[in-house]
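Visitor: Here is the input, now give the coordinates:
(2 chains)
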Number of protein chains: 2
Amino acid sequence: PQLRHFPSNVGCGCVPRPHGKSFAHRSELKQAKRIVVKLGSAVVTRDECGLALGRLASIVEQVAVLQNQGREMMIVTSGAVAFGKQRLRHEILLSQSVRQALHSGQNQLKDMFQSWRQEHAQLLDRAYMFDCSRQIKHCHTLHELLRMNIVPIINTNDAVVPPPVPNSDLQGVNVISIKDNDSLAARLAVEMKADLLIALSDVEGLYDSPPGTDDAKLIDIFYPGDQQSITYGTKSRVGLGGMEAKVKAALWALQGGTSVVIANGTHPKVTGHVITDIVEGKKVGTFFSEVKPAGPTVEQQTEMARHAGRTLASLLPEQRGEIICCLAELLTEKKEEILSANKRDMELAIPMINRLSLSTAKLNSLAIGLRQLAVSSRDSVGRVLRRTRVANNLELEQITVPIGVLLVIFESRPDCLPQVSALAIASGNALLLKGGKEAANTNKILHQLTQEALSIHGVADAIQLVSTREEVEDLCRLDKLIDLIIPRGSSKLVRDIQRAAKGIPVLGHSEGVCHVYVDSEASIDKAIDVDSKCDYPAACNAMETLLIHRDLLRTPIFDQIIDMLRTEHVKIHAGPRFASYLTFSPSEVKSLRTEYGDLECCIEVVDSMQDAVDHIHKYGSSHTDVIVTENEETAEQFLQQVDSACVFWNSSSRFADGYRFGLGAEVGISTARIHARGPVGLEGLLTTKWVLRGEGHTVSDFSEQGSMKYLHENIPVPQGSFS
Amino acid sequence: PQLRHFPSNVGCGCVPRPHGKSFAHRSELKQAKRIVVKLGSAVVTRDECGLALGRLASIVEQVAVLQNQGREMMIVTSGAVAFGKQRLRHEILLSQSVRQALHSGQNQLKDMFQSWRQEHAQLLDRAYMFDCSRQIKHCHTLHELLRMNIVPIINTNDAVVPPPVPNSDLQGVNVISIKDNDSLAARLAVEMKADLLIALSDVEGLYDSPPGTDDAKLIDIFYPGDQQSITYGTKSRVGLGGMEAKVKAALWALQGGTSVVIANGTHPKVTGHVITDIVEGKKVGTFFSEVKPAGPTVEQQTEMARHAGRTLASLLPEQRGEIICCLAELLTEKKEEILSANKRDMELAIPMINRLSLSTAKLNSLAIGLRQLAVSSRDSVGRVLRRTRVANNLELEQITVPIGVLLVIFESRPDCLPQVSALAIASGNALLLKGGKEAANTNKILHQLTQEALSIHGVADAIQLVSTREEVEDLCRLDKLIDLIIPRGSSKLVRDIQRAAKGIPVLGHSEGVCHVYVDSEASIDKAIDVDSKCDYPAACNAMETLLIHRDLLRTPIFDQIIDMLRTEHVKIHAGPRFASYLTFSPSEVKSLRTEYGDLECCIEVVDSMQDAVDHIHKYGSSHTDVIVTENEETAEQFLQQVDSACVFWNSSSRFADGYRFGLGAEVGISTARIHARGPVGLEGLLTTKWVLRGEGHTVSDFSEQGSMKYLHENIPVPQGSFS
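Guide: Numbering: from 1, shown residues only, chains lettered A, B, ... in the order given. The predicted model follows:
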């Protein structure tokens, strides 16, 4: 049978494809046109938590969403277990009026279905599949149903069918006997030339060891050749098929050209989007692929990075400095190669040309920055922060150590790569870099040079470039592998990552609503507000709200401020109080918390310095706030009271920056309140560890009956001291 | 009508209660016996995301769960909008076989319902409610249905019913005209003497200002007297009733003795448990209560704490020291009162007597610790960590500041309260304390004394004791109010809080799988392993796994270790390699990651120091790990390589403790990798802020065309220097 016509409002980009070749990567699953969803008995059976109806309904919804995208969907369900026990059916009926169900005739039902695209379900017995004549007939029927845009539901009905007889080959591929749902689904998928089989049960997917054992890891992508490397655990709680049967069926389908994903369809928090997530290419369950990619997986990359990172941390500070200097040299030495890779990226990405672009001048200044960092890195890892004599011959040290494995996610700017790499090297951290697709060529060559530099001390693997195929959201879930995520990019990127990163700390700032407060005693010749707003309006440290002391209204200084902003074409929005003072006011602000990120700002009037502080605490984002005044006492009170990462007196908010602060490079600016705050350089990439050296000391020696007493003598630590 | 018999397997503890008095607190909602769930039209209408079926199904499931607990459930739904458009009905039918729906006769349906407790739904028209004779009949019918354990579904059917006529009073309570679902649901709830009305729509609940405006806050508990303090926004997207109508209906129901919660029933992430959460007393939507509690809400407490905390932070270090010393004095001065409160707690809580108990000796040693802390607190807030001359007359300082508002959650031990309070005072942080119910009396008096001490400098509000009624999970959601959560208690408490705290950092350790590695060159006379395991086996810094170098097997030192552990009655589990060396081995470990927390430990054999390090990295929790060896080189390699918060040489793991480290008090031990690590004292409660002082400097002064150059001169900072 051929694939027939499809509705014109197809939006998923899926197209009929030549069969016989499964997808190589999860990201290609978006293209799947024909999809079989298999529901294991655990999915359709009510569990202790009282779930099943909600679960099934949301599965049906997801199938409907995918069908509305123009895909052909089929459902295989272990009806015998669930329907047979008359639970599923009952639960679904529960939510409608019985009277209605009884009184609706065929016509009324038909009417009801008019508004929906996918029509209704068809029940088959597994028995039909064994009868050759019937089989052909059903294959035809299924194609007809799909052509009519109907979602067929194939019920395996285990309980009523006699035990299967070993079955002869069907497609000349391989023999699979239909013992259970899994083999039925696999067979149906191949027979129907489906692109994808999604098998949902109550297990997360395939583990390399029985789940629950110490070393068990969920396999993200399973390649047929790897079959011997896994150990099967006990069988699934409900249903006929254990994991081994599932894998066998999956491999059979794969060989027949259908991609397979095995995933959990019973997890309350993910069931509502498990199917659509899989089709979107997210890392859910285990994906079966015939094509083993050349490089390591991101998990393997992380392991390699952590391992090499530990060696990096144990090098001498001079050696880390050498690596950074070597990278600096490579940046200028190999500039032709870098610029040619950058040119290729630029040709593909016209709209974002500025941020993407590298130049000889940029590379030179990058190299200078790196050499400065190499010098300051001498005083990082292994620095003794505190030394205490706990008791005689029992000495405690607190020393700086790297955090571990960092994940830095950055957009367009490829110059970020060597900078962040140098910071990671200086601080002895392993690093995963995830750059934007638009800079793929430039990032690749820059990463190669970084690895070349690292290799002079045998730690090339400490910095890994993550494939552009990897989804940011998936990376944010690697909570046992990554210690800190640093997003560098738009507020939206940061917010998305903060939301996605469950259990991994994120260092960054999602908003920069910075204020400049012009006090009644401000000097007229300080154009701090204009610099704060106009130097680079898109930056997070640009001013968004100008607070003006009431006494300045209708004075020359006020007129001058407004004139200067107008000269720079800054669009002004009035805060409610400011608007109330004016006869003809500019448009009133929608929110006093707006980050304009453009030549726009809000002006609001305050009664006093204290009033300004209160406004900042209420509407600010604790990033950077400025006071302009000649009164030192007022200034010091403002600096003490304002609870932001950066508080400035008579200086532009734009100084909030690692380079301008003299930190060398920066990985970003943090508005978090723990760990690093404000511009984050080398220090923010370090943590500490406590080292205690004794001679067999036990705590019981210090008990009331014991022989020892705590001394707790502070031993002075010379600055820059190393352990 | 009377409440009739109910199934005997009722598990929720809900009992029929005299009507006319609504519940005073959310926590009492657990007792609700008869519940009306009202589904607004936005809930039953399909939205852009393709949701509705899953949502409705999960709502039906929750109703079923609650009914299975023995509650009487009723559903009021705006059927006209959804059913009338034949969407809802269609979507529900979609997931079953049409053939089956058509062919099932009454008997078969009846059979299907046998396995379920709640039976089926009944449809009424709103019109029925206006006909007095019908009304009585229906009230009777509804009671009959409830008696039969059936969930009635009342359909308001707006579209087919003529506009309502103002209705006369029914119960002698008040007049409400039935204009919409809200008033119908309110009236039905009162008429049926329901305990609780849950009104679900597409708004989160009631806000004090129109949602979306700058200051809009969701009202947790609304008291009728507060009605004038709110401003209503625009109407709900779908449906007749705006928020004002909803509030009016809710107040009417409340006056009739039915508690009301208004919540969002369309939010994909919470819909699956919104109804059960409300009944469990969680902070979802807005709860209408007639009884205004005496004290402030927890949100108000947090605001008060933050405000007073800012004053606390601006005090002189000596003043903070005075507060701590005052608290120390009060602990000994008021010991009679404290011990008598403690006695009352002890009388109620026999099983946990040890951790709860205070004594004169304990109070004295608490006071001593506090006085030590008062001394060391001199050098905390406002310390200059770094000073840089950025340019002429542009000076940057990095100074220490408090983190902000801390939430410390602690179990039984009331001695935690003055310790943690003193640490918060010393570091200038505001503090919310949430203690266990079992120590309520002791915590109350200790908190009063803390506030008494704080009041000597006018900052009594900086430390707040949260009511024992507040759920920990609800507190963990106050992400805009609280900056850091510190759980002190069992691993389970910590893990639960880490899971619940969305967006708020948690400082703590969920596990302490500590190792002692006995090297081949270990000295026989060091009983570090025994002290590590036996000094206090329940502590997180107790040894869980003893790693023994292979060469020690069958040597006197090995026999001695085993003998010592046996003498102390330590139950030994064998690691897989250890077991393979023995003819008769102890039981093999289930997991090498086990935290026994008791007189039990695992013994495993390793080939070398390097092998031990690998084992620790693989199975440890990065808490505290120890090497026992006489070889300094081996020890230093171990200390360098092991990536844990605490690494010890020839010392017991039990030294991993703030007091033993000489930090004074500790708020806990952190196994996080950022911010504080290991035992956390004063330093861990501080963050930094950057202060820049200029003379009108702008960033453009430093551009290529500008007049200024960055100097970035490091200005030496004397230790203990204050800004």
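Visitor: The strand ranked longest in chain A and chain B, any residue contact?
Guide: Taking DSSP state E as the criterion, chain A has its longest strand at strand A:686-697. Yes: using CB under 8 Å from any CB of the partner chain, strand A:686-697 comes into contact with chain B via A:687-697. All C-beta spots, glycine's among them, are computed from the backbone N, C-alpha and C.
Visitor: Likewise for stretch A:552-560?
Guide: No: applying CB under 8 Å from any CB, one finds stretch A:552-560 separated from chain B by no less than 13.2 Å.
Visitor: what is the mean pLDDT for that stretch?
Guide: The pLDDT scores in stretch A:552-560 average 91.
Visitor: got the contact list for residue A:685?
Guide: Contacts were defined as CB atoms under 8 Å, 6 or more residues apart in numbering or on different chains; by that measure residue A:685 touches A:402-403, A:406, A:423-424, A:427, A:429, A:667.
Visitor: So which of those reach chain B?
Guide: Restricting the contacts of residue A:685 to those touching chain B (CB under 8 Å from any CB) yields residue A:403.
Visitor: Closest one to residue A:502 out of the contacts of residue A:685, please.
Guide: For the contacts of residue A:685, the residue nearest residue A:502 by CB to CB is residue A:406; the value is 17.4 Å.
Visitor: any idea of the mean pLDDT in the helix or strand following the longest strand of chain A?
Guide: Where DSSP states H and E defines the elements, the next helix or strand beyond strand A:686-697 is strand A:713-714. Here strand A:713-714 scores 91 as its mean pLDDT.
Visitor: What are the buried residues along stretch A:23-31?
Guide: Of all the residues in stretch A:23-31, those buried under the rule 16 or more other CB atoms under 10 Å in any protein chain shown are A:23, A:26-29, A:31.
Visitor: Sort out for me which of those are in strands.
Guide: Using DSSP E, none of the buried residues of stretch A:23-31 sit in strands.
Visitor: out of those, which one sits closest to chain B?
Guide: residue A:29 (19.2 Å; CB to the nearest CB).
Visitor: and the residue nearest to the closest one when sequence neighbours are not counted, what is it in contact with?
Guide: Spatially, and ignoring its direct neighbours in sequence, residue A:29 is nearest to residue A:281 (5.2 Å; CB to CB, 6 or more residues apart in numbering or on different chains). By CB under 8 Å, 6+ apart, the residues touching residue A:281 are A:25-30, A:471.
Visitor: Would you mind listing the two of these that lie farthest apart?
Guide: The farthest-apart pair in the contacts of residue A:281, when distances are taken by CB to CB, is A:28 and A:471, at 13.2 Å.
Visitor: follow-up on the earlier one: a markdown table please, covering the contacts of residue A:281 and showing pLDDT.
Guide: Listed next are these as a markdown table, based on pLDDT from 0 to 100:
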| residue | pLDDT |
| --- | --- |
| A:25 | 87 |
| A:26 | 89 |
| A:27 | 87 |
| A:28 | 90 |
| A:29 | 93 |
| A:30 | 93 |
| A:471 | 79 |
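Visitor: between those residues, which is nearest residue B:292?
Guide: The closest of the contacts of residue A:281, once distances to residue B:292 are taken by CB to CB, is residue A:471, at 49.4 Å.
Visitor: Residue A:364: neighbouring residues, count only.
Guide: 14 (other CB atoms under 10 Å in any protein chain shown).
Visitor: shouldn't it be in contact with residue A:332?
Guide: Yes: using CB atoms under 8 Å, residue A:364 is in contact with residue A:332, at 6.3 Å.
Visitor: Now do the contacts for the closest residue to residue A:445 other than its chain neighbours.
Guide: Leaving aside its sequence neighbours, residue A:445 sits nearest to residue A:341 (CB to CB, 6+ apart; 4.4 Å). Residues in contact with residue A:341, defined by CB under 8 Å, 6+ apart, are A:441-442, A:444-445.
Visitor: Give me the neighbour count for residue A:318.
Guide: 10.
Visitor: same question, residue A:678
Guide: 29.
Visitor: Now do the phi/psi pair for it.
Guide: Reported as degrees, to the nearest 10, the phi and psi values for residue A:678 are phi 80, psi -160.
Visitor: follow-up on the earlier one: tell me the two of the buried residues of stretch A:23-31 that are most distant?
Guide: A:26 and A:31 (11.4 Å).
Visitor: buried residues in stretch A:575-583?
Guide: A:575, A:577-579.
Visitor: ok so, going back, which among the contacts of residue A:685 count as buried?
Guide: Buried among the contacts of residue A:685 by 16+ other CB under 10 Å: A:402-403, A:406, A:423-424, A:427, A:429, A:667.
Visitor: any chance of the contacts of residue A:341 in JSON lines, plus secondary structure and neighbour count?
Guide: Shown next, in JSON lines, are the contacts of residue A:341 (DSSP: H, G, I helix; E, B strand; the rest coil; neighbours: other CB atoms under 10 Å in any protein chain shown):
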{"residue": "A:441", "secondary structure": "helix", "neighbour count": "19"}
{"residue": "A:442", "secondary structure": "helix", "neighbour count": "27"}
{"residue": "A:444", "secondary structure": "helix", "neighbour count": "17"}
{"residue": "A:445", "secondary structure": "helix", "neighbour count": "20"}
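Visitor: which of those residues lies closest to residue B:387?
Guide: Distances from residue B:387 to the contacts of residue A:341, taken by CB to CB, are shortest for residue A:442, at 38.4 Å.
Visitor: if we can go back for a sec, now, which of the contacts of residue A:341 sits nearest chain B?
Guide: The closest of the contacts of residue A:341 to chain B turns out to be residue A:442 (CB to the nearest CB; 24.9 Å).
Visitor: can you tell me which residues contact that closest one?
Guide: By CB under 8 Å, 6+ apart, the contact set of residue A:442 is A:338, A:341-342, A:345, A:356, A:358, A:414.
Visitor: Now for the residues you listed: which two are most distant?
Guide: A:338 and A:356 (12.7 Å).
Visitor: could the residues of strand A:686-697 next to chain B be laid out in TSV, adding neighbour count and pLDDT?
Guide: Below are these laid out as TSV (neighbours: other CB atoms under 10 Å in any protein chain shown; pLDDT from 0 to 100):
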residue	neighbour count	pLDDT
A:687	24	93
A:688	20	93
A:689	22	93
A:690	22	94
A:691	22	95
A:692	26	95
A:693	20	94
A:694	23	93
A:695	14	92
A:696	18	90
A:697	25	93
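Visitor: show me where the stretch 201-350 of chain A has strands.
Guide: Taking DSSP state E, counting those that start in this stretch as the test, the strands found in the stretch 201-350 of chain A are A:221-222, A:259-264, A:286-288.
Visitor: Need those in JSON lines (columns: distance to chain B, mean pLDDT and mean neighbour count).
Guide: Formatted as JSON lines, those follow (distance: least, CB to the nearest CB, whole Å; pLDDT from 0 to 100; neighbours: other CB atoms under 10 Å in any protein chain shown):
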{"stretch": "strand A:221-222", "distance to chain B": "23", "mean pLDDT": "89", "mean neighbour count": "21"}
{"stretch": "strand A:259-264", "distance to chain B": "16", "mean pLDDT": "95", "mean neighbour count": "25"}
{"stretch": "strand A:286-288", "distance to chain B": "23", "mean pLDDT": "94", "mean neighbour count": "25"}
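Visitor: mind putting those strands in a markdown table, distance to residue B:151 included?
Guide: Formatted as a markdown table, these follow (distance: least, CB to CB, whole Å):
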| stretch | distance to residue B:151 |
| --- | --- |
| strand A:221-222 | 45 |
| strand A:259-264 | 30 |
| strand A:286-288 | 40 |
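Visitor: Indicate which one of the ones you listed is closest to residue B:62.
Guide: With CB to CB as the measure, strand A:259-264 is the member of those nearest residue B:62 (21.8 Å).
Visitor: and that closest one, how far from the chain's centre?
Guide: Relative to its chain's centre, strand A:259-264 lies at 21 Å (CA atoms, centre = their mean, to the nearest Å).
Visitor: again with stretch A:422-437
Guide: For stretch A:422-437, the distance to the chain centre is 17 Å (CA atoms, centre = their mean).
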